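[1] This is the structure alone, sequence omitted:
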């Protein structure tokens, strides 16, 4: 705690005795592209948004089992949640301690995250394992803005935030802090006790601009404390989630060298007794170099990842349950990526070779072409079995399957984009899906996901209208609908700026889908849900005021079944910039 105070005090002192930051980075590095040139971006679908707007992106669903602080699953284009890779500045921050190998995007608080890049479809030709369905890249960098603020809202919500930015000659810095606490609601539908949530987070960024390039250091510390329910109004059942990340990064217009250390820790207690502890540590070394000549870019890169995952579960009661894993895994990957511009055509290709300790070798690739807004591509992806799927065991006789092979995906896409719209049609084939049948096995049959997505944006009478539509059919190998994948989702947002006041109103449609009944585990059909939200934001000079009203119609619904979502709720607050 004392070290944190010294860090904050040193930066605060510097801010008062130096001018505010006004320097710009020497080069803009597109982290998810892993290159300072984004020519290949015209050959596939992606969105760049603020963290609050992720749910508005077409074909992207974050399904949280209750209000904020509960477990969540991320689905991109109907792909399974364990096929989506989450990265920080282009480096994986995957939580390997989860039995399903999924990182919980809903737990991240996005403190100090400038933007979020969402890349749809397989990206294994750049990222290797676990980018079989897409990539969500969190971008954190110096922000050049300082403020302090607080807010309140329904369910005794209280928020606090501060950001301090400045520069000393060639050194720029940003320290961001956020905290939140709320009594929330009962996760269990119609429960009598609430399930409070608290978070404390900070993000520290340094940027040194030298004559040879930029040297960055980023440290993130996020902490969540949640009360949980499990098919009942469960008292004294809590979860603590902590993520710390350190990243050192050197880059210039052609070279990037980075080291990333990511640590996840989750602790679950019931009646003050430990029921589970999950820890994951990942060290990643990354290097790449870009060769450019006229209309040709060739990127060469290599990546080494060392993972250790250790967890145990010890659930007491009438039917006690224990399970555990304690394993490590090393991965070495090399890749190359080429962008070629010929007569207004953009030709993009990539290939990657991975060798994975205790598993094997894998080659993936990608080809894409675009011209005048029209694009087409084919890309390969894969997910390796998790350490639990291969080596886990429990007290009911389960043992993992060390002979599992990877899940493979191949996706075909055709799209068109102009100044008003972006549309894509895609089909993804999956084979060797990992399914549970006494133990984990590979499904030899193939499954298919088909879809169309559209983003439409235009202005009428000073009102900006943005509509994101997804129509997806995600099937298992036997032709059944995949669970919790709605066939249709749509978000329509209206925004208008009047005299420093931004008014916005959105309509969110979450379509019919299949789910599991939380009481008997039978497959059920869930009806569509339509919700409405409104926000007002005032910004003039150094003052910002904001308020929002969400789920205006007070729609009662569960998502997934057995987990309550917030009814009508509101927030309000302010920021003062300096």
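    That came through fine. Everything quoted here is computed from the prediction, not taken from an experiment. Numbers count the residues shown, from 1 in each chain.
[2] where exactly do the helices run in the protein?
    2-17, 124-127, 387-391 (DSSP state H).
[3] ranking the ones you listed by mean pLDDT, which is last?
    Of all the helices of the chain, the minimum mean pLDDT falls on helix 2-17 (a mean of 36).
[4] Run through the residues that contact residue 427.
    Residue 427 is in contact with 411-412, 448-451, counting by CB atoms under 8 Å, 6 or more residues apart in numbering. Backbone N, C-alpha and C define where each C-beta goes, glycine included.
[5] Quick check: of these, which has the highest neighbour count?
    residue 411 (25 neighbours; other CB atoms under 10 Å).
[6] In the sheet, which residues pair with it? Tell me.
    residue 379, residue 428 (DSSP bridges).
[7] ditto for the one 10 residues further on
    Legend: beta-bridge partners of residue 421 under DSSP bridges are residue 456.
[8] pLDDT at the closest residue to residue 483 other than its chain neighbours, what is it?
    Excluding the flanking residues, the one nearest residue 483 by CB to CB, 6 or more residues apart in numbering is residue 514, at 5.3 Å. Listed pLDDT for residue 514 reads 98.
[9] And for residue 100?
    So residue 100 comes in at 76 (pLDDT).
[10] Assess the claim that it and residue 82 are in contact.
    Yes. The criterion here is CB atoms under 8 Å, and residue 100 meets it with residue 82 at 5.0 Å.
[11] Next, the buried residues of stretch 154-172.
    Across stretch 154-172, burial judged by 16 or more other CB atoms under 10 Å covers 154-155, 157, 159, 161-167, 171-172.
[12] er, stretch 419-439 actually
    Neighbour-count burial for stretch 419-439 [16+ other CB under 10 Å]: 422-426, 428, 430-434.
[13] now swap in stretch 31-51 and tell me
    31-37, 39-48, 51.
[14] next one: stretch 558-573
    558-566, 569-571, 573.
[15] Which members of these are the farthest-apart pair?
    Spatially, the most separated pair among the buried residues of stretch 558-573 is 561 and 573, at 33.3 Å (CB to CB).
[16] what about stretch 319-327, distance to the chain center?
    Relative to the centre of its chain, stretch 319-327 is centred 27 Å away, using CA atoms, centre = their mean, to the nearest Å.
[17] quick one on the thing from earlier: so what pairs up with the residue nearest to residue 483 in the strands?
    Going by DSSP bridges, residue 514 forms beta bridges with residue 525.
[18] Make sure it is actually in contact with residue 476.
    No. Using CB under 8 Å, residue 514 makes no contact with residue 476, being 10.3 Å away.
[19] Next, show the common contact partners of these two.
    residue 482.
[20] ok, residue 133 to residue 484 distance?
    According to CB to CB, to the nearest Å, residue 133 stands 14 Å off from residue 484.
[21] got it, and residue 327?
    From residue 327 to residue 484 the distance is 29 Å (CB to CB).
[22] re the thing from before, residue 100 and residue 82: which is more packed in?
    In this view residue 100 and residue 82 are compared by other CB under 10 Å, and residue 82 has more residues nearby, 24 against 13.
[23] I figured that one hits residue 383, correct?
    Yes. Using CB under 8 Å, residue 82 is in contact with residue 383, at 6.2 Å.
[24] Quick check: neighbours shared by the two?
    101, 130.
[25] before we move on, the earlier item: so which of the buried residues of stretch 558-573 belong to strands?
    Among the buried residues of stretch 558-573, DSSP state E puts 569-571, 573 in strands.
[26] wait, doesn't residue 210 sit right on residue 170?
    Yes. Here residue 210 reaches residue 170: they are 6.6 Å apart, a contact under CB under 8 Å.
[27] Adding distance to residue 254 and pLDDT, write the buried residues of stretch 154-172 out as JSON lines.
    Converted to JSON lines, the buried residues of stretch 154-172 look like this (distance: CB to CB, whole Å; pLDDT from 0 to 100):
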{"residue": "154", "distance to residue 254": "51", "pLDDT": "98"}
{"residue": "155", "distance to residue 254": "51", "pLDDT": "97"}
{"residue": "157", "distance to residue 254": "47", "pLDDT": "98"}
{"residue": "159", "distance to residue 254": "42", "pLDDT": "98"}
{"residue": "161", "distance to residue 254": "37", "pLDDT": "98"}
{"residue": "162", "distance to residue 254": "37", "pLDDT": "98"}
{"residue": "163", "distance to residue 254": "32", "pLDDT": "98"}
{"residue": "164", "distance to residue 254": "33", "pLDDT": "98"}
{"residue": "165", "distance to residue 254": "28", "pLDDT": "97"}
{"residue": "166", "distance to residue 254": "29", "pLDDT": "96"}
{"residue": "167", "distance to residue 254": "25", "pLDDT": "94"}
{"residue": "171", "distance to residue 254": "23", "pLDDT": "97"}
{"residue": "172", "distance to residue 254": "22", "pLDDT": "97"}
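[28] for the residues you listed, which one is nearest residue 272?
    residue 155 (24.9 Å).
[29] residues touching that closest one, list them.
    Taking CB under 8 Å, 6+ apart as the test, what residue 155 contacts is 182-185, 194, 566, 569.
[30] what about the nearest residue to residue 256 once chain neighbours are set aside, distance to residue 339?
    Leaving aside its chain neighbours, residue 256 sits nearest to residue 288 (5.2 Å; criterion: CB to CB, 6+ apart). In this view, residue 288 and residue 339 are 14 Å apart by CB to CB.
[31] neighbour-wise, which of these two wins?
    residue 339 (26 against 22).
[32] That one contacts residue 297, correct?
    Yes. Between residue 339 and residue 297 there is a contact under CB under 8 Å: 4.3 Å.
[33] Quick one: the strands in the stretch 451-578 of the chain, in order.
    All strands of the stretch 451-578 of the chain, identified by DSSP state E, counting those that start in this stretch, fall at 463-474, 488-498, 501-510, 513-516, 523-526, 529-540, 543-550, 569-577.
[34] Starting from the second one, tell me which strands it pairs with and how they run.
    It stands for strand 488-498. For strand 488-498, pairing defined by DSSP bridges yields strand 463-474 (antiparallel), strand 501-510 (antiparallel).
[35] okay, these, which one's buried deepest?
    strand 463-474 (a mean of 19; mean count of other CB atoms under 10 Å).
[36] before we move on, the earlier item: between residue 133 and residue 484, point out the one with more neighbours.
    Legend: neighbour count by other CB under 10 Å for residue 133 and residue 484, higher for residue 133 (30 against 19).
[37] Let me see the backbone angles for that one.
    Taking degrees, to the nearest 10, you get phi -110, psi -20 for the backbone angles of residue 133.
[38] Give me the nearest residue to it, chain neighbours excluded.
    Using CB to CB, 6+ apart, the nearest residue to residue 133 is residue 79, at 2.7 Å.
[39] what's the answer for residue 464, then?
    Residue 464's closest residue in space is residue 495 (CB to CB, 6+ apart), at 4.6 Å.
[40] Pull up the gap between the one you found and residue 243, please.
    Where residue 243 is concerned, residue 495 sits at a distance of 32 Å (CB to CB).
[41] More neighbours: which of those two?
    residue 243 (24 against 17).
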